[in-house]
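[1] Coordinates for the following, if possible.
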Amino acid sequence: QVEFVESGGGLVQSGGSLTLSCVTHRITFGIYNMGWFRQAPGKERELVAYITKDGNTKYLDSVKGRFTISRDNSKNTVYLQMNSLKPEDTAVYYCNAVFLKGATATHIYDHWGQGTQVTVSS
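    The predicted model follows:
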């Protein structure tokens, strides 16, 4: 079955930066839109950013101008560069393939990776 392996999280101070990576396995990576999701304690998982198979991107309003999503199809990998981090960015971050229909973007696979923890101290 498809596998997502996230890495790159850690503990940083407010204003710091991190780059997350997600390597995918057993998926035809290049044909999928890909997204980064996050889940904070006590909250629902939310879509932070996605990148289409053609390279178009869209971001959650609260991360616009701070986060950049990118992909390397030769490595079956999607990245999330996070700058100017804030305590409210603290969450476990996951990647998944994304289905787009109109203004709606949802994850495709119910099998999630282990995620990578991002903790931003104030």
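[2] helices or strands next to the least confident helix or strand in the chain by mean pLDDT in the packing?
    When the helices and strands of the chain are scored by mean pLDDT, DSSP states H and E, strand 104-107 comes last with a mean of 94. If contacts are counted by 3 or more CB pairs under 8 Å, 6 or more residues apart in numbering; DSSP states H and E, strand 104-107 sits against strand 33-39, strand 46-51, strand 91-101. The way it works is simple: take the backbone N, C-alpha and C, and place the C-beta from them, glycine included.
[3] do that again at 6 Å, thanks
    Packing contacts for strand 104-107, counted by 3 or more CB pairs under 6 Å, 6 or more residues apart in numbering; DSSP states H and E, involve strand 91-101.
[4] got the angle between the strand it packs on and strand 33-39?
    In terms of direction (axes from the mean of the first three to the mean of the last three CA atoms, to 10 degrees), strand 91-101 departs from strand 33-39 by 140 degrees.
[5] Give the buried residues for strand 91-101.
    Going by neighbour count (16 or more other CB atoms under 10 Å), the buried part of strand 91-101 is 91-98.
[6] Taking those together, which two end up most distant?
    Spatial extent of the buried residues of strand 91-101 (CB to CB) is set by the pair 91 and 97 at 19.7 Å.
[7] mind listing the helices for the chain?
    Using DSSP state H, no helices are assigned anywhere in the chain.
[8] Apart from its neighbours in sequence, what residue is nearest residue 70?
    Distances taken as CB to CB, 6 or more residues apart in numbering put residue 79 closest to residue 70, at 4.8 Å, once the chain neighbours are dropped.
[9] quick revisit: may I see the buried residues of strand 91-101 organised as TSV, with distance to residue 84 and pLDDT added?
    Converted to TSV, the buried residues of strand 91-101 look like this (distance: CB to CB, whole Å; pLDDT from 0 to 100):
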residue	distance to residue 84	pLDDT
91	16	98
92	20	98
93	16	98
94	21	98
95	21	98
96	25	98
97	28	98
98	24	98
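[10] quick one: which of those is nearest residue 10?
    residue 93 (11.1 Å).
[11] and the closest one, how far is that from residue 115?
    Distance, residue 93 to residue 115, by CB to CB, to the nearest Å: 6 Å.
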